[in-house]
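1. Here is my input, please return the structure:
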Amino acid sequence: GEGSGGNSDGVKVEEGVDAASSDGVHLFKPHGRPVTHLEWDGSGQRLYSASYDGSVRCFDVETQTFEEVFATYDDSQNWKKKLGYGLDTGYRYWVQHACLDTRFGGGDDKCLFLATSRGTVVHADLRLREKITFNEELSEKKINSVSLHPNGHTLATAGLETVVKLWDIRTFGQTKKGRGGKTSKLGPGEPSTSSEPFAIQGAGKSINSAFFSPSGSSLLTTTMSNSLDLTSDFHLQSGRVKPTTRIRHDNHTGRWLSTLMARWHPGFVGEDELFVVGSMRRPRTIEIFEGHKGKRIKDVQGEALTAVASRCCFHPRTDRLVVVGGNSSGRVTIAR
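-> The predicted structure follows:
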C-alpha cells in the first residue's frame with residue numbers, strides 16, 4: 001500500500017509505493033528537488049542522498065525511513081541554531097555534488113563533503129559534536145565533483161572552470177583575502193578564501209567529474225573536450241600537470257541527457273583497477289576500461305539497454321563484475 005509520513009522539518013516522505021508488489025521495487029521521495037548524489041555507507045545499511053534543495057538525508061534499510069542529517073539554510077534568524085546556517089546564499093545556489101568522508105572508518109560515515117553551484121566546498125562533521133569543518137571557495141564557477149585521495153588530505157575539484165585543481169585541505173582556513181593580501185574574519189556562512197591549489201590540469205572545456213582511483217595512484221577525469229583523462233601520481237606533482245593518458249571519447253550527451261561521468265570499481269585496488277562509463281555509441285553500450293593504460297576491455301550491450309546510460313557504476317563485489325547503468329528516463333539496467 002501507499003503511505004506517507006513527515007519529520008521534524010515538515011518534509012513529506014513517501015514511505016513506500018506498492019511495497020508488496022512482486023517486482024521488488026520500492027519508491028521513495030525524500031527530497032523536493034532533484035537528487036544529485038546517492039551513496040551507501042561502509043556498512044551497506046544506510047543510503048545517503050543529497051539534493052539541489054540543500055539537504056542530505058539518510059535512508060535506513062532496516063526501518064525503511066529517511067532522516068535529514070544535514071541541510072543548508074539562509075541567514076535569517078530562524079535558522080541561527082542550525083548547522084548549515086548562512087550557507088544558502090539564495091539565487092543560483094544549490095548542492096551540486098556530495099560524497100561521504102570515509103577517513104574515520106568503522107562503517108559509520110558521519111562526515112561528508114558538499115560541492116555547490118557557487119564554487120564552494122563544505123565539510124560537515126555530523127558526529128557527536130556537529131560542526132562545519134570548513135567552507136572554502138575553491139572556484140568562481142560551479143563545482144561538479146570532489147574526490148578525496150586515500151592519503152586523507154588531497155582533494156580534487158572539477159567543474160565549469162575547465163580545470164582540475166588539487167588542494168591540501170590542511171591549509172583551509174577561516175579567513176578571506178582582501179586587497180593587498182589582508183585577511184579578515186568571516187560572516188555567518190561566508191566561505192573562506194585562504195587556500196591555493198598546489199596542482200592544476202586544464203581540460204579546455206568544462207569537466208563533468210574527476211575521481212581518484214581506490215589506490216590513489218591515478219585520477220580519472222571526464223571532460224567536455226571529448227576525452228577521458230588518466231593522470232598517474234597527480235597528488236605527488238605540483239604546478240601545471242598534463243594527463244598521462246588521454247582517451248578520445250564522445251562525452252556530448254546533449255542538452256536533454258545527464259552528463260557522462262566515468263567511475264572506478266570500488267573493490268579493485270592497484271594493478272586490477274577498472275573504470276566504467278556510458279557511451280553515445282550505437283547499439284547502446286556501457287564501456288569498461290582497465291585503469292592503467294586506459295584500454296577498453298569490455299562492451300556491455302543487450303536488448304535491455306535501450307538508451308544512453310549516462311550514469312554508471314560497479315557493484316563493489318569482486319568475484320564477478322556487476323555493472324549498473326542509469327538513463328535520463330529513470331530506467332536502471334543491471335548487467336552481470
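2. make it CA atoms for all contacts and neighbour counts henceforth
-> OK.
3. Got the domain ranges for the protein?
-> Using automatic domain parsing, the domains assigned to the chain come out as 3-256, 257-336.
4. Rebuild those domains as JSON lines, extending it with mean neighbour count and mean pLDDT.
-> What follows is these, written out as JSON lines (neighbours: other CA atoms under 10 Å; pLDDT from 0 to 100):
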{"stretch": "domain 3-256", "mean neighbour count": "18", "mean pLDDT": "89"}
{"stretch": "domain 257-336", "mean neighbour count": "18", "mean pLDDT": "97"}
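5. would you list every one of the strands in the stretch 201-336 of the chain?
-> 207-212, 218-223, 227-232, 239-240, 245-248, 263-264, 274-278, 286-290, 296-300, 311-314, 323-326, 332-335 (DSSP state E, counting those that start in this stretch).
6. In CSV: the ones you listed, plus distance to residue 68.
-> Below are those laid out as CSV (distance: least, CA to CA, whole Å):
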stretch, distance to residue 68
strand 207-212, 26
strand 218-223, 31
strand 227-232, 35
strand 239-240, 40
strand 245-248, 40
strand 263-264, 27
strand 274-278, 31
strand 286-290, 34
strand 296-300, 37
strand 311-314, 25
strand 323-326, 25
strand 332-335, 26
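7. closest one to residue 74 among those?
-> Nearest to residue 74 among those is strand 207-212 (27.7 Å), distances taken as CA to CA.
8. What residues does the closest residue to residue 310 other than its chain neighbours make contact with?
-> Here the nearest residue to residue 310 in space, its sequence neighbours aside, is residue 260; by CA to CA, 6 or more residues apart in numbering that works out to 4.9 Å. For residue 260, the contacting residues are 208, 222, 251, 253, 277-279, 310-311, taking CA atoms under 8 Å, 6 or more residues apart in numbering as the criterion.
9. one more time with 7 Å, if that's ok
-> For residue 260, the residues meeting the contact criterion (CA atoms under 7 Å, 6 or more residues apart in numbering) are 251, 277-278, 310-311.
10. Residue 50 and residue 314: what is the separation?
-> 20 Å (CA to CA, to the nearest Å).
11. Can you give me the separation between the residue nearest to residue 301 when sequence neighbours are not counted and residue 200?
-> Nearest residue to residue 301 in three dimensions, chain neighbours excluded: residue 285, at 5.0 Å (CA to CA, 6+ apart). Residue 285 sits at a distance of 32 Å from residue 200 (criterion: CA to CA).
12. and if you look at residue 254?
-> Residue 254 sits at a distance of 27 Å from residue 200 (criterion: CA to CA).
13. try residue 160
-> Between residue 160 and residue 200 the distance is 14 Å, computed by CA to CA.
14. same deal with residue 186?
-> 27 Å.
15. before we move on, what about residue 237?
-> As for residue 237, its distance to residue 200 is 9 Å (criterion: CA to CA).
16. cool, residue 282 as well?
-> 35 Å.
17. Kindly report the same for residue 126.
-> Taken as CA to CA, the span from residue 126 to residue 200 is 30 Å.
18. One more: residue 138?
-> With distances defined as CA to CA, the gap from residue 138 to residue 200 amounts to 12 Å.
19. now do residue 79
-> The gap separating residue 79 from residue 200 is 37 Å, by CA to CA.
20. Same check on residue 300?
-> For residue 300, the distance to residue 200 equals 34 Å [CA to CA].
21. Residue 40 now?
-> Residue 40 sits at a distance of 30 Å from residue 200 (criterion: CA to CA).
22. And residue 277, by the same measure?
-> Between residue 277 and residue 200 the distance, using CA to CA, works out to 24 Å.
23. ok, now which ones touch the closest residue to residue 154 other than its chain neighbours?
-> In space, not counting the residues next to it along the chain, residue 154 is nearest to residue 168; the distance is 4.9 Å by CA to CA, 6+ apart. Residues in contact with residue 168 (CA under 7 Å, 6+ apart) are 153-155.
24. Kindly reformat these as JSON lines containing distance to residue 328 and secondary structure.
-> Formatted as JSON lines, the entries for these read as follows, by distance: CA to CA, whole Å; DSSP: H, G, I helix; E, B strand; the rest coil:
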{"residue": "153", "distance to residue 328": "34", "secondary structure": "coil"}
{"residue": "154", "distance to residue 328": "32", "secondary structure": "strand"}
{"residue": "155", "distance to residue 328": "29", "secondary structure": "strand"}
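25. Take those and write them to TSV, including distance to residue 335.
-> Below are the contacts of residue 168 laid out as TSV (distance: CA to CA, whole Å):
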residue	distance to residue 335
153	35
154	34
155	32
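26. I figured residue 165 hits residue 159, correct?
-> No. Taking contact to mean CA atoms under 7 Å, the distance of 9.7 Å between residue 165 and residue 159 leaves them out of contact.
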